[in-house]
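# Okay, here's the prediction I keep looking at, along with the sequence it came from:
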Amino acid sequence: MDYRRLPHSSLDVSQLCLGTMTWGEQNTQSEAFAQLDYAIGKGINFIDTAEMYPVPPKAETQGETERILGNYLKSRGNRDNLVIATKVAGPGGKSDGIRDNMALDWRNIHQAVDDSLERLQIETIDLYQLHWPDRNTNFFGELFYQQQDSEKLTPIIETLEALASLISAGKIRYIGVSNETPWGVMKYLRLAEKHGLPRIISVQNPYNLLNRSFEVGMAEIAHREELPLLAYSPLAFGALTGKYMDDQWPEGARLTLFKRFARYTGSTIALEATKAYVELAREFNLSPAQMALAFVNTRQFVGSNIIGATNLEQLKENIDSIEVTLSAPLLARLNELAELYRIPCP
């Protein structure tokens, strides 16, 4: 396992990060413990969660993922060997059951951090991320930005000041953003520089063979501003494994259970692109999942690749992707497909 220093921080994170959003919904605590034991045994030291998890978000399960992780850390006594990242939810319909007012303001962020620390049973969060923006913008794969003249939002400067106070209090070490746009990222960076506030050190956005939109406006920012991507959904909710091809819906699979996550299976072009990538992997005698993950691993702007699984067999295959080297002919073919299927699933 390779480790990378996140710029502007002292955090050395593993090339692969263990995602957790199925724990408490598709996975029990014992299954989560088994995933953690295996991943850590293979060298993963970076664990990503969120106050909203598990998904899909429900009032009765909200926070359960952090509680499971906290129980694990207490049980194993290995917190100091790990980098723990979590997120505060923003306003919108994706955060039912957390707080009455979900603005990313001083009060809500302080409450969210205290609640996460209690569930995680730790004193400090290594990387604290804003799960999505507190403003009208096109995140979570939405297209067609629509101006809203009467929108309500929390000024980014207020959000940064709240986070700065939490760093001063020792409750968080570093901050990052998630599901952000180029405008939002640059605004955070410039306000921090202007006012002497904490600098964001990472951006967690979706990135995979079906969704390379990060390369359009964000990859240059990642390079020139030293702001690495923490790539989530590298298998496109499992679609890039090929398990949903030909109208197959495996029992217990995420997209079988939760049709709301149909971005990667809900259009003809997405299905055509998926089939092309799966067939290409098989042509080169590779696992489709490992080819898709290995591709993300090759990107210079990626700080860590967030993998997830609902069973150990999947987790083992995903972690073994670090041993896969993509040949020059295969990379060329991948670029040909990317030209043919221009961001079929933004």
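Sure, I can see it. Numbering: from 1, shown residues only.
# contacts for the lowest-mean-pLDDT helix or strand in the chain?
Of all helical and strand segments in the chain, the minimum by mean pLDDT, DSSP states H and E falls on helix 254-257, at a mean of 71. With contact meaning Cβ atoms under 8 Å, 6 or more residues apart in numbering, helix 254-257 is reached by 22, 26, 237-239, 244, 249-250, 261-262, 264-265, 310. C-beta: built from backbone N, CA, C; applies to glycine.
# let's see it at 6 Å
The contact list for helix 254-257 (Cβ atoms under 6 Å, 6 or more residues apart in numbering) reads 237-238, 244, 249-250, 261, 265.
# Closest one of those to residue 60?
residue 261 (19.4 Å; Cβ to Cβ).
# returning to what we had before: need the contacts of helix 254-257 in CSV with pLDDT, neighbour count and secondary structure, can you?
CSV is the format used below for the contacts of helix 254-257 (pLDDT from 0 to 100; neighbours: other Cβ atoms under 10 Å; DSSP: H, G, I helix; E, B strand; the rest coil):
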residue, pLDDT, neighbour count, secondary structure
237, 92, 22, coil
238, 93, 23, coil
244, 87, 22, coil
249, 78, 13, coil
250, 77, 12, coil
261, 73, 18, coil
265, 81, 20, coil
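# Show me the two of the residues you listed that sit farthest apart.
Pairwise distances among the contacts of helix 254-257 were taken by Cβ to Cβ; the largest, 14.4 Å, belongs to 250 and 261.
# still on that earlier bit, return the closest of the contacts of helix 254-257 with respect to residue 112.
Nearest to residue 112, judged by Cβ to Cβ, of the contacts of helix 254-257 is residue 261 at 24.1 Å.
# Which parts of the stretch 51-200 of the chain are helices?
Using DSSP state H, counting those that start in this stretch, the helices of the stretch 51-200 of the chain run over 64-76, 106-120, 156-168, 182-195.
# between those helices, which gets nearest to residue 204?
helix 182-195 (11.4 Å).
# How far does that closest one sit from its chain's centre?
Averaging C-alpha positions (Cα atoms, centre = their mean, to the nearest Å) puts helix 182-195 21 Å from its chain's average.
# what inclination does the following helix or strand past that helix have with respect to helix 156-168?
Next helix or strand after helix 182-195 toward the C-terminus (DSSP states H and E): strand 200-204. Relative orientation of strand 200-204 versus helix 156-168 (axes from the mean of the first three to the mean of the last three Cα atoms, to 10 degrees): 110 degrees.
# C-alpha coordinates for the helix or strand following strand 200-204, PDB please?
Following strand 200-204 in sequence order, the next helix or strand is helix 214-217 (DSSP H and E). Taking C-alpha atoms only, helix 214-217 is exported to PDB below (Å, rounded to 0.1, in the frame of the first residue of the first chain):
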ATOM      1  CA  PHE A 214     -13.900  16.500 -12.400                       C
ATOM      2  CA  GLU A 215     -11.400  16.800 -15.200                       C
ATOM      3  CA  VAL A 216     -13.300  19.600 -16.900                       C
ATOM      4  CA  GLY A 217     -13.100  22.400 -14.300                       C
END
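# Point out the other helices and strands that helix 214-217 packs with.
When contacts are defined as 3 or more Cβ pairs under 6 Å, 6 or more residues apart in numbering; DSSP states H and E, helix 214-217 packs onto no helix or strand at all.
# With respect to residue 38, which of the helices of the stretch 51-200 of the chain lies nearest?
Taking Cβ to Cβ, helix 64-76 is the member of the helices of the stretch 51-200 of the chain nearest to residue 38, at 12.4 Å.
# Helix 106-120 and that closest one, what's the angle between them?
With the same axes, to 10 degrees applied, the angle from helix 64-76 to helix 106-120 works out at 40 degrees.
# if we compare the helices of the stretch 51-200 of the chain, which one ends up closest to residue 280?
Here helix 182-195 is closest among the helices of the stretch 51-200 of the chain (Cβ to Cβ), at 30.2 Å.
# now what about that closest one, what contacts it?
133, 156-157, 160, 199-200, 203, 217-218, 221, 225.
# Columns neighbour count on top of those, output as TSV?
Converted to TSV, these look like this (neighbours: other Cβ atoms under 10 Å):
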residue	neighbour count
133	25
156	21
157	15
160	22
199	19
200	23
203	28
217	13
218	20
221	19
225	16
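# just curious, which of those is nearest to residue 334?
Closest approach to residue 334 among the contacts of helix 182-195 (Cβ to Cβ): residue 218, at 19.5 Å.
# can you pull the pLDDT of that closest one?
On pLDDT, residue 218 comes in at 97.
# ok, the nearest residue to it once chain neighbours are set aside to residue 214 distance?
Nearest non-adjacent residue to residue 218, counting by Cβ to Cβ, 6 or more residues apart in numbering: residue 182, 5.8 Å away. Between residue 182 and residue 214 the distance is 10 Å, computed by Cβ to Cβ, to the nearest Å.
# again, but for residue 101
31 Å.
# Over to residue 299?
Taking Cβ to Cβ, one finds residue 299 at 9 Å from residue 214.
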